[in-house]
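> Fold the following for me, if possible:
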Amino acid sequence: DQAGFPSLLATASTGRPDRCEIAELLLSYEADIHQRGVNDYTPLHLAAARNDVGLIQVLLAHGADPNARTRIDDFSTPLQEAERAPFHDAARILQQAMQQLLGYFPKTTVLPAGWSASANVKEICSVSNCINTAPEGWIERWLHNGWGFFNSRSDAMSVAPQAGSFDVYAYRIWPRRYLPGAVEDLVVPPLSVEPIPAGFVSLGFDVVSKSVSSFFECSPLSCNGLAAETPVNSFCLLDGLEDAVAFAARCAHEQPEPGAYYVVEVLREPGSD
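Residues are numbered from 1 along each chain as shown. Down below sits the predicted model:
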């Protein structure tokens with residue numbers, strides 16, 4: 001603007017009804033989407049702090065980094081700016097953008113005989129394979145990626161036997177690693193995972209451990225019976241990201257299983273629930 005304010009930040013700070021169109025135009029002329037302004041905000045920080053859902057979506061579509069932190073003051077992310085307000089709509093969009101798709105996996109989720117940690121649970125949809133095992137011989141097919149998931153739905157179903165009640169699940173990870181007394185940013189290397197097809201339904205969030213294995217190991221809610229003392233939904237999962245983050249921090253402190261803890265959103269193919 002005339003005061004020398006960077007173009008996208010000036011756009012984000014205005015209440016003009018056409019600000020999203022202006023941002024699109026500026027970006028088409030290669031405006032710097034990572035430019036910094038007052039408080040070391042990026043345009044996405046500013047849009048989040050103003051609950052500008054439309055502009056948040058425009059910026060994310062053009063590659064704005066939802067994990068960017070300010071380099072002064074609170075070293076905050078755009079999500080933290082939205083949560084501080086609190087602006088729930090903006091926070092929800094940013095939460096989804098920060099999660100990374102790890103892949104797909106076929107599972108049976110029938111409640112095992114004798115499992116009684118929570119009367120509310122009708123299926124075990126945990127990330128872990130401890131309670132409901134994976135298809136026999138899946139790992140020998142060598143179609144999985146480094147996280148132990150499959151890059152496409154078709155690869156996932158190719159390892160499941162034709163006879164059996166296997167449903168396809170998709171998994172998105174929250175980019176944090178929870179350790180005793182510490183929380184670390186989690187950087188997931190780029191994966192060649194096909195986007196989640198339209199219609200997949202989020203069932204909730206699981207908290208899962210990883211110590212010596214390259215793959216996830218145990219889900220304390222189901223594997224260690226902590227669903228008996230933690231409010232879970234009918235899938236043995238936590239309904240909200242905030243609850244899952246708090247539970248991950250608790251598990252990292254109490255170590256029901258050794259290792260670091262991760263928050264993973266569990267989604268299921270339509271028609272399976």
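
> ranges for the strands of the stretch 51-200 of the chain?
Counting by DSSP state E, counting those that start in this stretch, the stretch 51-200 of the chain has strands at residues 100-107, 167-173, 176-179, 182-185.

> Would you mark the buried spots in stretch 121-141?
By 16 or more other C-beta atoms under 10 Å, the buried positions in stretch 121-141 come out as 121, 123-129, 131-132, 134-135, 138. (Each C-beta comes from the backbone N, C-alpha and C, glycine too.)

> Hmm, Leu203 and Arg268 touching each other?
Yes - Arg268 is within contact range of Leu203, at 5.6 Å (criterion: C-beta atoms under 8 Å).

> shared neighbours of the two, anything?
Each of Cys125 lies in contact with both Arg268 and Leu203 under the rule C-beta atoms under 8 Å, 6 or more residues apart in numbering.

> measure Glu194 to Leu55 for me?
Going from Glu194 to Leu55 by C-beta to C-beta, to the nearest Å gives 28 Å.

> Excluding chain neighbours, what is closest to the residue nearest the centre of the chain?
Nearest to the mean C-alpha position of the chain, by C-alpha atoms, centre = their mean, lies Gln99 at 3.2 Å. Excluding its sequence neighbours, the residue lying closest to Gln99 (C-beta to C-beta, 6 or more residues apart in numbering) is Arg172, at 4.0 Å.

> quick one: contacts for that neighbour?
Gln99, Gln100, Leu101, Leu102, Val264, Glu265, Leu267.

> swap the cut-off to 7 Å and go again
Arg172 sits next to Gln99, Gln100, Leu101, Leu102, Val264, Glu265 when contact means C-beta atoms under 7 Å, 6 or more residues apart in numbering.

> And Phe150, by the same measure?
For Phe150, the contact set (C-beta under 7 Å, 6+ apart) comprises Gly103, Tyr104, Phe105, Leu143, His144, Ala156.

> can you redo those residues as TSV with neighbour count, pLDDT and distance to Thr11?
Listed next are the contacts of Phe150 as TSV, based on neighbours: other C-beta atoms under 10 Å; pLDDT from 0 to 100; distance: C-beta to C-beta, whole Å:
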residue	neighbour count	pLDDT	distance to Thr11
Gly103	24	97	37
Tyr104	27	97	38
Phe105	26	96	42
Leu143	16	95	45
His144	19	96	44
Ala156	26	94	42
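
> can you put those in CSV and add distance to Leu44?
Listed next are these as CSV, based on distance: C-beta to C-beta, whole Å:
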residue, distance to Leu44
Gly103, 27
Tyr104, 29
Phe105, 32
Leu143, 36
His144, 33
Ala156, 33
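
> before we move on, back to that, make CSV from the strands of the stretch 51-200 of the chain and add distance to Tyr29 to it.
As requested, the strands of the stretch 51-200 of the chain are exported to CSV (distance: least, C-beta to C-beta, whole Å):
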stretch, distance to Tyr29
strand 100-107, 30
strand 167-173, 33
strand 176-179, 36
strand 182-185, 32
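
> and of those, who's closest to Ser152?
strand 100-107 (6.7 Å; C-beta to C-beta).

> Need the pLDDT of the residue nearest to Ala12 when sequence neighbours are not counted.
Spatial nearest neighbour of Ala12, chain neighbours left out: Leu46 (4.3 Å); criterion: C-beta to C-beta, 6+ apart. Listed pLDDT for Leu46 reads 95.

> Who are the packing partners of whichever strand or helix holds Leu46?
Taking DSSP states H and E as the criterion, Leu46 maps to helix 43-49. Other elements packing on helix 43-49 under the criterion 3 or more C-beta pairs under 7 Å, 6 or more residues apart in numbering; DSSP states H and E are helix 7-12, helix 53-61, helix 78-84.

> what do you get if the cut-off is 8 Å, keeping everything else the same?
helix 7-12, helix 53-61, helix 78-84, helix 88-98 (3 or more C-beta pairs under 8 Å, 6 or more residues apart in numbering; DSSP states H and E).

> hmm, who's touching the last one?
Going back to what we said before, that points to helix 88-98. Here helix 88-98 has contacts from 47-48, 51-53, 56-57, 60, 66-67, 77-79, 82-83, 174-175, 241, using C-beta under 8 Å, 6+ apart.

> mean confidence for that helix?
Rounded mean pLDDT across helix 88-98 is 90.

> what comes up buried for that helix?
Buried-residue list, helix 88-98, by 16+ other C-beta under 10 Å: Ala90, Ala91, Ile93, Leu94, Gln95, Ala97, Met98.
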